[in-house]
Structures are given as structure tokens and as C-alpha cells.
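Engineer: Fold the following.
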Amino acid sequence: MIQGTFPVGMIIGAILVKKITDRFSYAYLLKKLSFMLAVFMIISGIPVLFKNFEVNDFVYAITYCVVMFFLGLIIVLIDIPIAYFMQKEIPNEYRGRVLSIGLSISKMMLPIAMALSGLLLNYIPAYMITIVGGILYLIVIKVSSNCFILEVHSKDYSA
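Structural biologist: As a prediction, this is how the structure comes out:
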């Protein structure tokens, strides 16, 4: 049930992406969505802190369903406009190379992240990794929020 809400959020986000990018600039959206992503990362670790309290398992399930739904929604609202921007702005003769390099880098990061998280899980509780990761992401967002401006509008975008 919990894992099922992530793709539901992604589907709803994909349906809403054009309307949202028409109303707000991508730079504004990226700042707000990155903040929300960090907050939901932190929220995903918080319920475990209250394991000493008598809480019904249904409350945990609903909490994590909401978190996973919004994570799916946020990820789609970040990914689709940037993919559209890259396809629109990169010249045809370079597009395949640029996108394959980006994909290769992201594929290389996954095993590194898995190995690092596996090592960290030996020493740090899992809920602390998500909470600290969310806090570190908030710090990175705050520091780098004014460093770059990326404008993507979906006026030419047809979903």
C-alpha cells in the first residue's frame, strides 16, 4: 500500500505538470519543490522517533502513504520540466551525447549511493540518515538557491 502511493503521485504530477509550469517559473518551482523534497525526507524519519508511544500501525501507514505520494509528485514536477528544457535547448546534433552522459553519470551515482548508505546503516540508524540527509539538503538549497537561475516555461510544451 505504501509503495503504491509513490507511482500514484507521479501519475498525478505528470497530469498536472503543464498547468503548474504555465503558472510558475521553473526557477521558483525548483526552489519550492526542493524545499518540499527536503521536508518530506525529514518527515519520513520522524515517525520512528516516537516508537515509545502507543500509535496504531494504521497511523504509520497513512503517514508514509502521504509522504510517498508527495515524493512522487515532487520528483515528477522537477524531472519533466528539466527534461523538456534539455530537449528544447540542446541542439539536435549534441542531444544524444549530452543526455547519454547525464544518464551515465546518474547510473554511476546509484551504486555509490547504495554502497555509502549500506556502510552508514552499519553505524547510524536508518531514520537518522533520512533526517540528517534532509537537513543537509535544506542547507545545500539555502546556500545555492541564489547561485543559478533556470527558466523553463511550458508555453511550447504539449503534454
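Engineer: low-scoring stretches of this protein, by residue?
Structural biologist: The model of the chain has pLDDT under 70 over residues 146-159.
Engineer: quick one, helices of it?
Structural biologist: 2-23, 26-49, 57-89, 92-121, 126-144 (DSSP state H).
Engineer: and the first one, how far from the chain's centre?
Structural biologist: A distance of 12 Å separates the centroid of the chain from that of helix 2-23, by C-alpha atoms, centre = their mean, to the nearest Å.
Engineer: What residues of that helix count as buried?
Structural biologist: Buried residues in helix 2-23, counting neighbours by 16 or more other C-beta atoms under 10 Å, are found at T5, F6, G9, M10, G13, A14, V17, K18, I20, T21. C-betas here are computed from N, CA, C, even on glycine.
Engineer: so it versus helix 57-89, what angle?
Structural biologist: If you take axes from the mean of the first three to the mean of the last three C-alpha atoms, to 10 degrees, helix 2-23 sits at 40 degrees to helix 57-89.
Engineer: again, but for the last one
Structural biologist: Orientation check (the same axes, to 10 degrees): helix 126-144 against helix 57-89 gives 40 degrees.
Engineer: Centre-most residue in the protein?
Structural biologist: Closest to where the C-alpha atoms of the chain average out (C-alpha atoms, centre = their mean) is I75, at 3.9 Å.
Engineer: quick one: the residue of the chain most remote from its centre from Y60, how far?
Structural biologist: Largest separation from the mean C-alpha position in the chain: E54, at 31.2 Å (C-alpha atoms, centre = their mean). For E54, the distance to Y60 equals 12 Å [C-beta to C-beta, to the nearest Å].
Engineer: ok, now I129?
Structural biologist: 18 Å.
Engineer: what do you get for M128?
Structural biologist: Using C-beta to C-beta, one obtains 18 Å as the distance from M128 to Y60.
Engineer: Next: I74.
Structural biologist: Taking C-beta to C-beta as the measure, I74 falls 21 Å from Y60.
Engineer: Who has more neighbours out of those two?
Structural biologist: I74 (23 against 15; other C-beta atoms under 10 Å).
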